[in-house]
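Student: model the following, please.
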Amino acid sequence: MEPQEVDTILRSLATTMEHQRSINADLRTCIQEQREFNKQQLAINTDVKTTLARIETLLARMWRA
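Tutor: Modelled structure (predicted):
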C-alpha cells in the first residue's frame, strides 16, 4: 500500500470519527431532552390521575344522591 493511500484512508477515518462525535453529541442532547420531557410527563400523569379520582368521587356522590 502506498503512503498516499494510507494517508487517504487516515483522513477518511478522521472525518468519519469527527462526524460520529457530532452524531453522539446530538444523541446526548436528545436523550437529556427526553429525560426532562419524561419528568414533566410524570407530573402531568399524576395530576391527571388525581383529577380522575376527584371526578370519580363526585360522580359517585351524584349517583348516591
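Student: going forward, measure contacts and count neighbours with C-alpha atoms only.
Tutor: Will do.
Student: now do the helices in this structure.
Tutor: 3-64 (DSSP state H).
Student: poorly predicted segments of it, please.
Tutor: For the chain, no stretch has pLDDT under 70.
Student: at 90 what do you get?
Tutor: 1, 64-65 (pLDDT under 90).
Student: and the most centrally placed residue in it, how far is that from Pro3?
Tutor: The C-alpha lying nearest the average C-alpha coordinate of the chain belongs to Gln34 (Cα atoms, centre = their mean; 2.4 Å). Plainly put, Gln34 is 46 Å away from Pro3 if you go by Cα to Cα, to the nearest Å.
Student: and the gap between Lys39 and Gln32?
Tutor: Lys39 is 11 Å from Gln32, by Cα to Cα.
Student: same thing with Asn24?
Tutor: 12 Å.
Student: now Leu59
Tutor: According to Cα to Cα, Leu59 stands 41 Å off from Gln32.
Student: now do Asp47
Tutor: In terms of Cα to Cα, Asp47 sits 23 Å off from Gln32.
Student: equivalent analysis for Met1, please.
Tutor: 44 Å.
Student: these two - which one has more neighbours?
Tutor: Using other Cα atoms under 10 Å as the criterion, Met1 and Gln32 rank with Gln32 on top: 12 against 5.
Student: and the more buried one, how close does it get to Asn38?
Tutor: On the measure of Cα to Cα, Gln32 and Asn38 end up 10 Å apart.
Student: try Arg21
Tutor: 25 Å.
Student: do Val6 as well
Tutor: Val6 is 47 Å from Asn38, by Cα to Cα.
Student: now do Glu18
Tutor: Applying Cα to Cα to Glu18 and Asn38 gives a distance of 30 Å.
Student: distance between stretch 22-41 and the chain's centre?
Tutor: 4 Å (Cα atoms, centre = their mean, to the nearest Å).
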